[in-house]
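**Student:** Just to be clear, the model below is a prediction. Sequence and coordinates:
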Amino acid sequence: MVTMFWVRTDLAGRSDLALLDLAEAESRVVLTLDKEFWQIAV
């Protein structure tokens, strides 16, 4: 079973770095339209 999160409702208020850390820790994929997000992901 795949569990998805929507940041606006499930993880509201978390920083981009915190979201990236969570994604890495849980081997998740982040889909975003945030043009600056990739800079911290690299």
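**Tutor:** That came through fine. Numbers count the residues shown, from 1 in each chain.
**Student:** For the chain, just list every one of the helices.
**Tutor:** For the chain, the helices defined by DSSP state H cover 7-10, 16-25, 37-41.
**Student:** I'd like these as TSV, with mean pLDDT, mean neighbour count and distance to Met1 appended.
**Tutor:** (Each C-beta comes from the backbone N, C-alpha and C, glycine too.) Below are these laid out as TSV (pLDDT from 0 to 100; neighbours: other C-beta atoms under 10 Å; distance: least, C-beta to C-beta, whole Å):
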stretch	mean pLDDT	mean neighbour count	distance to Met1
helix 7-10	92	10	16
helix 16-25	94	13	18
helix 37-41	86	12	26
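**Student:** would a markdown table of the ones you listed with distance to Leu31 be doable?
**Tutor:** Formatted as a markdown table, these follow (distance: least, C-beta to C-beta, whole Å):
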| stretch | distance to Leu31 |
| --- | --- |
| helix 7-10 | 10 |
| helix 16-25 | 10 |
| helix 37-41 | 10 |
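**Student:** Please report how far Glu36 lies from Thr3.
**Tutor:** Per C-beta to C-beta, to the nearest Å, Glu36 is found 26 Å from Thr3.
**Student:** likewise Asp16?
**Tutor:** Asp16 sits 21 Å away from Thr3, going by C-beta to C-beta.
**Student:** again, but for Gln39
**Tutor:** Noted for Gln39: a distance of 27 Å to Thr3, by C-beta to C-beta.
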